[in-house]
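**Student:** Have a look; sequence and predicted model below, questions after that.
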Amino acid sequence: MAKPEKILRLILGDQLNSAHSWLKRPDGRVSYILMEVRQETDYVTHHIQKVAAFFAAMRAFADHLRRQGHQVIYLRLDHPENRQTIRANLLPLIQSNGFQRFEYLLPDEHRLDVQLKELVAFLPVPCSSHDSEHFLTQRHEVKEMFAGKNRFLMESFYRRMRERFDVLMEGGKPVGGGWNFDTENRRPYDGSVPIPPPLVFENDVSEIVDMIRRSKVKTFGAIEPQQLIWPIDRPQALKLLAAFIADGLPHFGAYQDAMTLKSWSLFHSRLSFALNAKILHPLEVIAAAVNAWEKHPQWIAIQQVEGFVRQILGWREYMRGVYWALMPGFAGMNFFGHDLPLPDFYWTAETRMRCLAAAIGQSLRYAYAHHIQRLMLTGNFALLVGVHPDAVDAWYLGIYIDAVQWVEMPNTRAMSQFADGGVVATKPYVSSANYIRKMSDYCGACAYDPKKKHGEGACPFNSLYWGFYARHREKLASNPRIGMMYRTWDRMAAAEKKSILKQADIYQKDVNRL
Ligand SMILES: Cc1cc2nc3c(=O)[nH]c(=O)nc-3n(C[C@H](O)[C@H](O)[C@H](O)COP(=O)(O)OP(=O)(O)OC[C@H]3O[C@@H](n4cnc5c(N)ncnc54)[C@H](O)[C@@H]3O)c2cc1C
Ligand code: SF4
């Protein structure tokens, strides 16, 4: 009788999907390999919490698989036989263990996709790739849906997803009479409902942190090694989901765009790490929210649950599709030709601008900022100043707990920096102090005056905002959503315009002193 084939299956650090069909039952022929490698810790400088959380989650997943009876090979970063790249580790492993077949789950990052395709061409055994069974759409669906169009409209994609997955639909129509309730989702935080204290975990990752430091992996940001706050396994992720449904969801939509010094997470779910590591499935998160709304419509209004569903069923899947539609050219897009370095205070939070100090400070402390802080504070400022999109991308890819390129890049390069020239956003997401003042309580505690455009103590966002529009008039004036800005600018007195541009120039040149 022929000997059964020995199979090696690779699971990457963001493929921790315990419901995958591979894992239904243990198979004596199959071994799973998970590896902590320098190629992944070093392709960008990461926040220490991000590296520790991924390694801790991978270790927890490997333990879970072993408990289920699966055979697991786990290479720690400091294992003497770890050659520190996926490729260099796999060949000797396959040869020395007599594996006759190699299988992997399709990665979500272009970089790894290319690498694994090259690798299988070189391995001496038959190889195959398999779906990670996490996303609700295929990689190329967004590209196919918008074939021949210059702009990819999220709203059209989202409506299709609602119909396709029958989420918040009734008799073929959207529940509540509208596809979205965006206009009701833009409230500043007014204190009328208490903000729930964020549920945090106390995972002891001190051994991992010691190993990272001993191995001299370059990281930044703060960590309390005995109290990593992020969920690293399914029980913790499910607990966080339940806490969000109970405390966050009832007010999620209303305060989605709000920013306050009173809380670093407001009513946000902080589920992005668990989702992106595939510990949670998007449909189970959506179902939990929709079920809670169905059971308790008196606590959770349709606009709250719709606002949340839109993020996961809409934005998350859409951004992934945008990534695959635009890669690899996406990584080099720079519509405005911006070329300045990132201001130093992005690494320290040491700036007198209260809004940026708060958003960057909490990012360094928790590896987290919510969407509007990322888009309208750090992203907005980098765009107004004219930072090179590569530098902006590298910062976002490093600093956030949930940062993986397929979702980081479309949000950063396209949505926040408009480096794609408008495939994703209809106009650049820029604002003066006015928006920040309206949506936050930062300005009251700031050294700068949000109402002043130039002169002593003028808020930098104001002059930089007009400086940005003046600088890029040729590229933006024909955009119908921007025309009004230029009309406002043109109506200003010449002396006022001159003072604003002079102020913008001073701030741009001396950005590190702001
Ligand atoms: C410049 C910039 C960079 C970003 N980088 C990342 C990143 O690297 N990884 C990442 O997961 N998200 C990124 N986002 C999107 C968004 O900010 C985060 O998903 C969100 O802040 C995560 O926190 P949360 O889990 O509390 O989200 P919630 O506000 O509770 O939203 C629920 C979930 O919806 C999904 N979601 C919400 N907004 C988006 C979006 N715009 N795109 C994709 N999914 C979304 C996330 O999975 C999130 O967990 C970025 C946004 C900007 C503007
Ligand atoms: S005044 Fe300007 S710099 Fe200060 S918090 Fe407000 S927007 Fe930010």
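**Tutor:** Nice, I can see it. Ligands and ions are numbered 1, 2, ... in the order given.

**Student:** tell me what the helix or strand encompassing Gln304 is packed against?
**Tutor:** Secondary structure from DSSP states H and E places Gln304 in helix 302-309. Counting contacts by 3 or more Cβ pairs under 8 Å, 6 or more residues apart in numbering; DSSP states H and E, helix 302-309 is packed against helix 249-252, helix 282-295. Just so you know, the C-beta spots here come from the backbone N, C-alpha and C atoms, and that holds for glycine as well.

**Student:** following it, which helix or strand comes up?
**Tutor:** Following helix 302-309 in sequence order, the next helix or strand is helix 317-326 (DSSP H and E).

**Student:** The helix or strand following that following helix vs ligand 2: in contact?
**Tutor:** Sequence-wise, the next helix or strand downstream of helix 317-326 (DSSP H and E) is helix 354-366. Yes - using Cβ under 6 Å from any ligand atom, helix 354-366 reaches ligand 2 at 354-355.

**Student:** Contacts made by helix 354-366 with the rest, please.
**Tutor:** Residues from elsewhere that reach helix 354-366, judged by Cβ atoms under 8 Å, 6 or more residues apart in numbering: 47, 49, 220-222, 229, 259, 261, 264, 345-351, 368-369, 373-374, 377-378, 381, 399-401, 436, 440, 442-443, 445-448.

**Student:** so of those, which ones are in helices?
**Tutor:** Counting by DSSP state H, the members of these that fall within helices are 49, 373, 381, 399, 436.

**Student:** count of residues packed around the nearest residue to Gly421 once chain neighbours are set aside?
**Tutor:** Spatial nearest neighbour of Gly421, chain neighbours left out: Phe335 (4.0 Å); criterion: Cβ to Cβ, 6 or more residues apart in numbering. Neighbourhood size, Phe335 [other Cβ atoms under 10 Å]: 19.

**Student:** which residues sit against the helix holding Gln304?
**Tutor:** With contact meaning Cβ under 8 Å, 6+ apart, helix 302-309 is reached by 162, 167-168, 175-176, 180-182, 184-185, 249-254, 256, 269, 286, 289-290, 292-293.

**Student:** Now that we have those residues, which of them are buried?
**Tutor:** When the contacts of helix 302-309 are checked for burial by 16 or more other Cβ atoms under 10 Å, the buried set is 162, 167-168, 175, 180-182, 184-185, 249-254, 256, 269, 286, 289-290, 292-293.

**Student:** give me the subset of those touching ligand 1.
**Tutor:** On the criterion Cβ under 6 Å from any ligand atom, Ser269 are the entries of those that sit beside ligand 1.

**Student:** ok so, going back, show me just the buried residues among the contacts of helix 354-366.
**Tutor:** 47, 49, 221, 229, 259, 264, 345-347, 349, 351, 368-369, 373-374, 377-378, 381, 399-401, 436, 440, 442-443, 446, 448.

**Student:** give me the subset of those residues touching ligand 2.
**Tutor:** 436, 442-443, 446, 448.

**Student:** Would you convert those residues into a markdown table that also reports pLDDT and distance to Val430?
**Tutor:** Converted to a markdown table, those look like this (pLDDT from 0 to 100; distance: Cβ to Cβ, whole Å):
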| residue | pLDDT | distance to Val430 |
| --- | --- | --- |
| Ile436 | 97 | 11 |
| Tyr442 | 97 | 17 |
| Cys443 | 97 | 17 |
| Cys446 | 97 | 19 |
| Tyr448 | 98 | 17 |
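
**Student:** Please name the residues that touch the residue in the stretch 101-250 of the chain that ligand 2 sits nearest to.
**Tutor:** The stretch 101-250 of the chain approaches ligand 2 most closely through Pro188 (13.1 Å), counting by Cβ to the nearest ligand atom. Each residue near Pro188 by Cβ under 8 Å, 6+ apart is listed here: 258-259, 438-441.
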